[in-house]
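# turn this into a model:
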Amino acid sequence: MSPGALRCVRLRITGRVQGVWYRGWTVAQARELGLDGWVRNRRDGSVEAVVSGASEQVEELIARCRIGPPAAEVDRVHVTPEAEPVASGFHQKPTV
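Numbering: from 1, shown residues only. Next up is the predicted model:
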């Protein structure tokens with residue numbers, strides 16, 4: 001992928017990632033990086049996000065998500081390409 005190319009991915013983060021401010025932290029990180037998309041909890045205990053933006057910034061967010069906020073214990077970040085269009089900005093969605 002060429003530098004500056006746009007990339008859109010779906011992340012599924014597992015581990016101790018609910019009840020540790022993971023969603024709010026992800027919103028702050030994504031906004032800092034200038035990314036678009038959303039994040040939400042899933043009833044299975046994972047966190048899901050769709051992220052869109054410059055490839056370098058998307059990769060940086062993925063790297064940060066592998067660590068997470070201080071109280072989190074991330075086991076895995078599963079990344080898949082995403083074709084879903086995302087609105088401008090980054091926000092938190094309700095649990096599904």
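
# CA atoms for contacts and neighbours, from now on please.
Fine.

# which helix or strand contains the spatially most central residue of the chain?
Centroid check for the chain by Cα atoms, centre = their mean gives residue 49 as the closest residue, at 4.2 Å. Assigned by DSSP states H and E, residue 49 belongs to strand 47-54.

# ok, back up a step: OK, contacts around the residue nearest to the centre of the chain?
Residue 49 sits next to 10-12, 37-40 when contact means Cα atoms under 8 Å, 6 or more residues apart in numbering.

# quick check: the farthest pair among those residues?
12 and 37 (13.7 Å; Cα to Cα).

# which sections of the chain are below the confidence cut-off?
Of all residues in the chain, those with pLDDT under 70 make up the ranges 1-4.

# quick one: the strands in it?
Secondary structure of the chain (DSSP state E): strands at 6-16, 36-41, 47-54, 73-81, 90-92.

# tabulate those (a markdown table), appending distance to residue 67.
Formatted as a markdown table, those follow (distance: least, Cα to Cα, whole Å):
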| stretch | distance to residue 67 |
| --- | --- |
| strand 6-16 | 10 |
| strand 36-41 | 16 |
| strand 47-54 | 13 |
| strand 73-81 | 6 |
| strand 90-92 | 19 |
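
# and of those strands, who's closest to residue 26?
strand 36-41 (7.3 Å).
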